[in-house]
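>>> what follows is a predicted protein model with its sequence.
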Amino acid sequence: MPIAEIETWLGRLAIHEDDGTITQLHWNGTARQEETPLLKEACAQVSAYMDGKLKKFDLPLAPKGGELHQGVFRAMLAIPYGETRTYGDLARELNTYGQPVGQACGANPIPIIIPCHRILSADGLGGFSGAGGTETKIALLKMEGGYPFLL
């Protein structure tokens, strides 16, 4: 499985490709670097996003997960840059409950690109599974301008 790494202001990120799709993004890469056209494009898009120049990713994604997880991932991808939703909002949209939505968000294998940081609890931030936890979530929301609730 090809893996590329990129240095960002959030730290070193590793992006995994499998069968022509992006399958994972995680912190603290493996020091393994393969350059494929897709990974080169993914790194360029992540870099542009981190620089505030990209609002929407355009990459083929294949996150692992069951039917509910896939529904949550699609719902997160539909949230525009700089906007947020609650776990309850997604639960109502998917005809389920907030807890399974939260579990799916926590299991998101491609954070940042699938923007789980845009999902909040009804009365606060909620969690974030990426390195740095809620501090990273806050930083991403501030970068996108989707943080008025923090003021």
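Done, it's in. Numbering: from 1, shown residues only.

>>> can I get the lengthiest helix in the chain as CSV, trimmed to CA atoms?
Using DSSP state H to define each element, the chain has its longest helix at helix 37-50. In CSV, the C-alpha atoms belonging to helix 37-50 read as follows (Å, rounded to 0.1, in the frame of the first residue of the first chain):
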residue,chain,number,x,y,z
PRO,A,37,0.1,10.5,-8.9
LEU,A,38,-2.8,10.2,-6.5
LEU,A,39,-0.7,10.6,-3.4
LYS,A,40,1.1,13.6,-5.0
GLU,A,41,-2.3,15.2,-5.6
ALA,A,42,-3.6,14.3,-2.1
CYS,A,43,-0.5,15.9,-0.5
ALA,A,44,-0.9,19.0,-2.7
GLN,A,45,-4.6,19.3,-1.7
VAL,A,46,-3.9,18.8,2.0
SER,A,47,-1.1,21.4,1.8
ALA,A,48,-3.4,23.9,0.0
TYR,A,49,-6.2,23.2,2.5
MET,A,50,-3.8,23.9,5.4
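
>>> which helices and strands does that helix pack with?
Counting contacts by 3 or more CB pairs under 8 Å, 6 or more residues apart in numbering; DSSP states H and E, helix 37-50 is packed against strand 3-8, strand 11-18, strand 21-27. All C-beta atoms are positioned from the backbone trio N, CA, C, and that covers glycine.

>>> repeat that for 7 Å
Other helices and strands packing on helix 37-50, by 3 or more CB pairs under 7 Å, 6 or more residues apart in numbering; DSSP states H and E, are strand 3-8, strand 11-18.

>>> go through these and pick out the most buried.
Compared across the helices and strands packed on helix 37-50, strand 11-18 shows the largest average neighbour count, a mean of 19 (mean count of other CB atoms under 10 Å).

>>> partners of that strand in the sheet?
In the sheet, strand 11-18 lines up against strand 3-8 (antiparallel), strand 21-27 (antiparallel) (DSSP bridges).

>>> take that strand, keep the C-alpha atoms, and write them as PDB.
C-alpha atoms of strand 11-18 as PDB (Å, rounded to 0.1, in the frame of the first residue of the first chain):
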ATOM      1  CA  GLY A  11       2.500  18.000  12.300                       C
ATOM      2  CA  ARG A  12       3.500  15.200  10.000                       C
ATOM      3  CA  LEU A  13       0.600  13.500   8.300                       C
ATOM      4  CA  ALA A  14       0.700  10.200   6.500                       C
ATOM      5  CA  ILE A  15      -1.800   9.500   3.600                       C
ATOM      6  CA  HIS A  16      -2.500   6.000   2.500                       C
ATOM      7  CA  GLU A  17      -3.500   4.900  -1.000                       C
ATOM      8  CA  ASP A  18      -5.100   1.500  -1.900                       C
END
